[in-house]
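Engineer: What would the 3D arrangement of this be:
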Amino acid sequence: MIRKLPSGKYRLYSRKINPKTGRRRNLGTFDSRAAAEKHERAVQYFKRH
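Structural biologist: The predicted model follows:
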């Protein structure tokens, strides 16, 4: 899940809410949405391999 930050950067959050904090886990901050989407695909691949 990608959200745009007020600074203009994009942050990748986990899809599930972290039970310890009650928020989504931050999976990285990127300068462009394309970079965030690319990393999201890498994360999904890693989760299944």
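
Engineer: C-alpha only now, for contacts and for neighbours.
Structural biologist: Fine.

Engineer: Just give me how far the helix or strand encompassing Phe46 sits from the chain centre.
Structural biologist: Assessed by DSSP states H and E, Phe46 sits inside helix 33-48. Here helix 33-48 is found 8 Å from its chain centre; the criterion is C-alpha atoms, centre = their mean, to the nearest Å.

Engineer: Could you list every helix and strand that that helix packs against?
Structural biologist: Applying 3 or more C-alpha pairs under 8 Å, 6 or more residues apart in numbering; DSSP states H and E, we find helix 33-48 packed against strand 2-4, strand 10-17, strand 24-30.

Engineer: List the strands paired with the last one, with their directions.
Structural biologist: Taking DSSP bridges as the criterion, strand 24-30 sits next to strand 10-17 (antiparallel) in its sheet.

Engineer: what stretches of the chain score poorly on pLDDT?
Structural biologist: Within the chain, no range satisfies pLDDT under 70.

Engineer: How about Arg24: what's its closest non-neighbour residue?
Structural biologist: Ile17 (4.4 Å; C-alpha to C-alpha, 6 or more residues apart in numbering).

Engineer: how far away is the one you found from Arg25?
Structural biologist: 7 Å (C-alpha to C-alpha, to the nearest Å).
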